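Trainee: Everything below, folded, please.
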Amino acid sequence: MLRFLILPVLFLLSCNPKAQNSPAKEDELKIQFPLPKKLKEVSGITLSKDKKTIWVIEDRGNKNAVYGLSDKGDMLAKVPVENTENTDWEDIISDSQGNIYIGDFGNNDNNRTDLAILKTDLTSTAQTTTKVVQTTKFHYQGQTEFPPKKSNLLYDCEAFVEMDGNFYLFTKNRSKGFDGTFLVFQVPNKEGDFEAKLIGTLKLQGGYNDAAITSATINSTKDKIVLLTHKNVHVLTGFTTDNFNSAKIQKIPLNHNSQKEAIVFLDDKTLMIADEKGKDEGGNVYTFSLK
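Mentor: Next up, the predicted model:
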């Protein structure tokens with residue numbers, strides 16, 4: 001009798017993919033490493049020019065510092081930014097020359113009047129501090145109330161990229177009656193105080209976790225931008241430097257729901273994604289292959 005009981009169990013185990021150590025599929029989110037325990041609220045991720053250092057930041061309520069990690073998740077450096085505060089840092093990017101920029105534009109209540117993008121002199125994990133060498137202040141074209149009505153809370157931002165001497169900001173919709181609408185603004189990559197020019201009004205499919213944008217990244221040829229949400233990546237193509245209304249959007253499910261807050265192209269076919277540490281999930285850096 002025991003023999004007949006064991007055989008069906010072995011058969012079920014062989015049919016269960018979780019019972020086998022099979023390699024992950026190309027379209028799966030793959031954990032690369034857990035983030036250091038002290039980094040519970042990572043809000044942005046980028047790479048050094050030589051791609052040997054992963055730079056991350058945390059958002060409001062955390063230190064005004066940039067953290068350097070190895071490709072195994074080891075903490076290489078904590079570099080304080082000496083002449084600014086972390087009002088609400090929501091994304092970090094690098095340009096083609098390797099310059100590092102911090103987006104201090106988190107605006108949950110849509111009432112901030114001190115939004116800024118901070119260019120730093122950060123280049124190495126050997127630095128004990130870094131400083132802001134350019135401050136790009138801005139306000140949004142079209143925003144006249146601080147805050148607007150609850151049905152028009154379109155002026156939070158957690159995502160930007162740099163392209164051809166301009167920053168491109170992708171807003172996070174916090175409106176009552178969320179419908180996936182987001183705005184695209186252009187701001188010069190210069191010292192000064194500017195009106196952010198509205199160059200696109202677009203819509204992502206799905207509910208808040210599907211379509212509320214938390215980070216962005218651009219590929220090396222500047223013809224593909226990927227927007228991150230908690231459950232998906234959304235690939236934008238067909239845009240021009242002054243008009244995003246014609247952009248095509250491809251939604252790619254990650255088949256994984258966590259508070260994903262940071263994304264960067266590792267190479268033009270691979271994304272690196274980080275999420276915040278939750279009670280029972282998250283706090284990891286992942287890779288995801290674009291087909």
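Trainee: Residues touching stretch 60-71, excluding its own?
Mentor: 32, 35-36, 39, 41, 48, 52-57, 75-81, 84-89, 92, 100, 102, 106, 120, 122, 125, 130, 285 (CB atoms under 8 Å, 6 or more residues apart in numbering). Glycine gets a C-beta too; all of them are placed from N, C-alpha and C.
Trainee: how about it: buried residues?
Mentor: 62, 64-69 (16 or more other CB atoms under 10 Å).
Trainee: Identify all residues paired with Lys137 through a beta bridge.
Mentor: With DSSP bridges as the criterion, Lys137 is bridged to Ala116, Asp193.
Trainee: who touches it in this structure?
Mentor: 114-116, 192-194.
Trainee: and if we set it to 7 Å?
Mentor: 115-116, 193 (CB atoms under 7 Å, 6 or more residues apart in numbering).
Trainee: Among those, filter down to the buried ones and hand me the PyMOL syntax, if you would.
Mentor: Selection of buried members from the contacts of Lys137 for PyMOL, criterion 16+ other CB under 10 Å:
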select buried, resi 115+116
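Trainee: Which one of the contacts of Lys137 is nearest to Leu204?
Mentor: Among the contacts of Lys137, Leu115 lies closest to Leu204 (CB to CB), at 22.4 Å.
Trainee: Next one: the closest one from Gln186, what distance?
Mentor: Relative to Gln186, Leu115 is positioned 14 Å away (CB to CB, to the nearest Å).
Trainee: Next, Asp210: phi, psi?
Mentor: Dihedral angles of Asp210 (phi, psi; degrees, to the nearest 10) stand at phi -80, psi -30.
Trainee: tally of neighbours for it?
Mentor: By the criterion of other CB atoms under 10 Å, Asp210 has 17 neighbours.
Trainee: if I look at the residue lying closest to it once chain neighbours are set aside, how far off is Ile249?
Mentor: In space, and not counting its chain neighbours, Asp210 is closest to Lys231: 5.2 Å by CB to CB, 6 or more residues apart in numbering. Lys231 sits 15 Å away from Ile249, taking CB to CB as the criterion.
Trainee: do Thr214 as well
Mentor: 16 Å.
Trainee: Looking at these two, which one has more neighbours?
Mentor: Thr214 (24 against 15).
Trainee: circling back: ok, of the buried residues of stretch 60-71, which one's closest to Gly200?
Mentor: Closest to Gly200, out of all of the buried residues of stretch 60-71 and judged by CB to CB, is Val66, at 29.4 Å.
Trainee: Using the three-state scheme, assign that closest one.
Mentor: strand (DSSP: H, G, I helix; E, B strand; the rest coil).
Trainee: Is it bridged to anything, and to what?
Mentor: Assigned bridge partners for Val66, using DSSP bridges, are Val79.
Trainee: pLDDT value on it, please?
Mentor: With respect to pLDDT, Val66 scores 98.
Trainee: Asp71 too?
Mentor: On the pLDDT scale, Asp71 gets 96.
Trainee: Ok, Glu281 next?
Mentor: For Glu281, the model assigns a pLDDT of 88.
Trainee: likewise Leu13?
Mentor: pLDDT at Leu13 comes out at 39.
Trainee: now swap in the one 4 residues further on and tell me
Mentor: Among the per-residue scores, Pro17 shows a pLDDT of 36.
Trainee: just Thr87 next, same as before
Mentor: 97.
Trainee: now the one 4 residues further on
Mentor: On the pLDDT scale, Asp91 is placed at 98.
Trainee: swap in the one 10 residues further on?
Mentor: Here, the pLDDT recorded for Tyr101 equals 98.
Trainee: Contacts only, for it.
Mentor: 92-93, 117-119, 162.
Trainee: swap the cut-off to 6 Å and go again
Mentor: Counting by CB atoms under 6 Å, 6 or more residues apart in numbering, Tyr101 touches 93, 117, 119.
Trainee: all helices for the protein, in order.
Mentor: Using DSSP state H, the helices of the chain run over residues 2-15, 208-211.
Trainee: related to what we said a few turns ago, which of the contacts of stretch 60-71 are buried, as a PyMOL select command?
Mentor: With 16+ other CB under 10 Å as the criterion, this PyMOL line picks the buried residues out of the contacts of stretch 60-71:
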select buried, resi 32+35+36+39+41+48+53+54+55+56+57+76+77+79+81+84+86+87+88+89+92+100+102+106+120+122+125+130+285
